[in-house]
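Participant: Quick one, fold the following:
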Amino acid sequence: MSHFDLSSGAFRTRFADESAARAAARDARSVGFVVDVEQAGEHGWLTVSRRRHPFAQDDAVRYAGRLRTIAGAHGGEYEDYVEEQHL
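Facilitator: Next up is the predicted model:
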């Protein structure tokens, strides 16, 4: 597999309150994500989750599904995956 077949980026989930976002972040960390929790102004809280290393592009769908499940378990919603551009 060439490096062109790999992806890396941030998966974002949104929550109404900080405690829910932090609980979801703990769950995401337990399955291998590196997670930051950020206040999103009037729009609640975001978790921004990444994998430590680039991954196969097909895995992005699987990772998104896992984070969608975690977010739902804590009353949040999966927002999107933002792929990072590499030179």
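
Participant: Mean confidence (pLDDT) on stretch 46-57, please.
Facilitator: Averaged over stretch 46-57, pLDDT sits at 94.

Participant: so who does A20 touch?
Facilitator: Contact analysis of A20 by C-beta atoms under 8 Å, 6 or more residues apart in numbering lists W45, H74, G75, G76. Yep, even glycine has a C-beta here, placed from its N, CA and C like the rest.

Participant: In space, what's closest to the last one - neighbours in sequence excluded?
Facilitator: When the adjacent residues along the chain are set aside, G76 lies closest to F15, with 4.0 Å between them (C-beta to C-beta, 6 or more residues apart in numbering).

Participant: Which pLDDT does the model give that neighbour?
Facilitator: 98.

Participant: can you give me the helices for this protein?
Facilitator: Along the chain, counting by DSSP state H, helices occupy 18-30, 59-73.

Participant: Can you lay out those helices as JSON lines showing distance to D5?
Facilitator: Listed next are the helices of the chain as JSON lines, based on distance: least, C-beta to C-beta, whole Å:
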{"stretch": "helix 18-30", "distance to D5": "24"}
{"stretch": "helix 59-73", "distance to D5": "11"}
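
Participant: so which of these comes closest to G41?
Facilitator: helix 18-30 (13.0 Å; C-beta to C-beta).

Participant: related to what we said a few turns ago, among the helices of the chain, which comes closest to R52?
Facilitator: helix 18-30 (11.2 Å).

Participant: buried residues in the closest one?
Facilitator: Neighbour-count burial for helix 18-30, counted by 16 or more other C-beta atoms under 10 Å, picks out A20, A21, A23, A24, A25, D27, A28.

Participant: average pLDDT across that helix?
Facilitator: Mean pLDDT, computed over helix 18-30, is 98.

Participant: Weed out the non-buried ones from the contacts of A20.
Facilitator: The neighbour-count test (16+ other C-beta under 10 Å) applied to these identifies W45, H74, G76 as buried.

Participant: Sort out for me which of the contacts of A20 are in strands.
Facilitator: Taking DSSP state E as the definition of strands, these contribute W45.

Participant: want to throw the contacts of A20 into CSV with distance to G65?
Facilitator: Formatted as CSV, the contacts of A20 follow (distance: C-beta to C-beta, whole Å):
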residue, distance to G65
W45, 21
H74, 16
G75, 18
G76, 14
